[in-house]
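Peer 1: Return atomic coordinates for the entry below.
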Amino acid sequence: MAESVYKVIEIVGSSPESWEKAASAAVERAAKSLRDLRIAEVVEQDLHIENGKVSAFRVRLKISFKYEDAA
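Peer 2: Numbering: from 1, shown residues only. Take a look at the predicted model:
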């Protein structure tokens, strides 16, 4: 088996509905510009509050993708 190398980046997703939808939105958007996504780890969750009410759920993710061979 050949060695593999992965890059890890942080991204933030948001949703007015839930943390799950915020995470899904982040992964789906990342998948449009990155290939071979492997693992996403939730590292932080927070809420945006307006007028005493939750207006958005936000999730910070570490997401990894595999480096491709140049050949």
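
Peer 1: okay, now residue 26: neighbour count?
Peer 2: For residue 26, the count of nearby residues is 23 (other CB atoms under 10 Å). C-betas here are computed from N, CA, C, even on glycine.

Peer 1: just checking, it touches residue 11?
Peer 2: Yes: look at residue 26 against residue 11 with CB atoms under 8 Å: they come within range, at 5.0 Å.

Peer 1: shared neighbours of these two, anything?
Peer 2: Common neighbours of residue 26 and residue 11 are listed as 61, 63 (criterion: CB atoms under 8 Å, 6 or more residues apart in numbering).

Peer 1: From residue 3, how far out is residue 23?
Peer 2: Residue 23 sits at a distance of 30 Å from residue 3 (criterion: CB to CB, to the nearest Å).

Peer 1: Same drill for these two, tell me which one is more crowded.
Peer 2: Using other CB under 10 Å, the more surrounded residue of residue 23 and residue 3 is residue 23, with 23 against 4.

Peer 1: Just the helices from this structure, written as ranges.
Peer 2: 19-33 (DSSP state H).

Peer 1: Low-confidence stretches in it?
Peer 2: Counting by pLDDT under 70, the chain contains low-confidence residues at 1-2, 69-71.

Peer 1: quick one, strands of it?
Peer 2: 6-15, 37-50, 53-66 (DSSP state E).

Peer 1: hey, which of the ones you listed is tucked in deepest?
Peer 2: Mean neighbour count, computed with mean count of other CB atoms under 10 Å, is highest for strand 53-66 among the strands of the chain, reaching a mean of 16.

Peer 1: Give the other helices and strands that it contacts.
Peer 2: strand 6-15, helix 19-33, strand 37-50 (3 or more CB pairs under 8 Å, 6 or more residues apart in numbering; DSSP states H and E).
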